[in-house]
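*Asks:* Turn this into a structure:
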Amino acid sequence: MAEDKRKQIALRLSTSLYDDLAKWAEDDFRSLNGQIEYILHQAVRKHAGKDKDAKP
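*Replies:* Just a heads-up that it's a prediction; the model follows:
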């Protein structure tokens with residue numbers, strides 16, 4: 001399997017959103033970056049209709 005290449009992006013968040021995401025990540029034992037990536041994967045799957053049970 002080919003190595004997973006990752007792209008870096010700059011992301012600007014409000015302080016309150018950052019704090020909420022950081023708390024959520026901590027609750028799920030993930031890094032903030034990992035949590036954001038997880039949320040984005042879920043949203044893309046839901047949008048694509050691949051996971052009908054995905055929750056936002």
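
*Asks:* If you count neighbours, what's buried in the lengthiest helix in the chain?
*Replies:* Longest helix in the chain by number of residues (criterion: DSSP state H): helix 32-48. By neighbour count on 16 or more other C-beta atoms under 10 Å, the buried set for helix 32-48 is Q35, I36. In this view, the C-beta of every residue, glycine as well, is placed from N, C-alpha and C.

*Asks:* Kindly spell out which helices and strands sit in contact with the strand or helix carrying D20.
*Replies:* Taking DSSP states H and E as the definition, one finds D20 inside helix 15-27. Helix 15-27 sits against helix 32-48, with contacts defined as 3 or more C-beta pairs under 8 Å, 6 or more residues apart in numbering; DSSP states H and E.

*Asks:* Just the CA trace of the helix it packs on, in CSV.
*Replies:* Coordinates of each C-alpha in helix 32-48 appear next as CSV, following Å, rounded to 0.1, in the frame of the first residue of the first chain:
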residue,chain,number,x,y,z
LEU,A,32,-6.6,18.5,18.1
ASN,A,33,-5.4,17.8,14.6
GLY,A,34,-6.6,14.2,14.7
GLN,A,35,-10.0,15.3,16.0
ILE,A,36,-10.4,17.8,13.1
GLU,A,37,-9.4,15.2,10.6
TYR,A,38,-11.8,12.7,12.1
ILE,A,39,-14.7,15.2,12.0
LEU,A,40,-13.9,16.1,8.4
HIS,A,41,-13.7,12.4,7.4
GLN,A,42,-17.2,11.8,9.0
ALA,A,43,-18.6,14.9,7.2
VAL,A,44,-17.2,13.8,3.8
ARG,A,45,-18.6,10.2,4.2
LYS,A,46,-22.0,11.6,5.2
HIS,A,47,-22.0,14.0,2.3
ALA,A,48,-21.0,11.3,-0.2
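
*Asks:* picking that back up, and the longest helix of the chain, what does it pack onto?
*Replies:* In terms of contacts (3+ C-beta pairs under 8 Å, 6+ apart), helix 32-48 is packed against helix 15-27.
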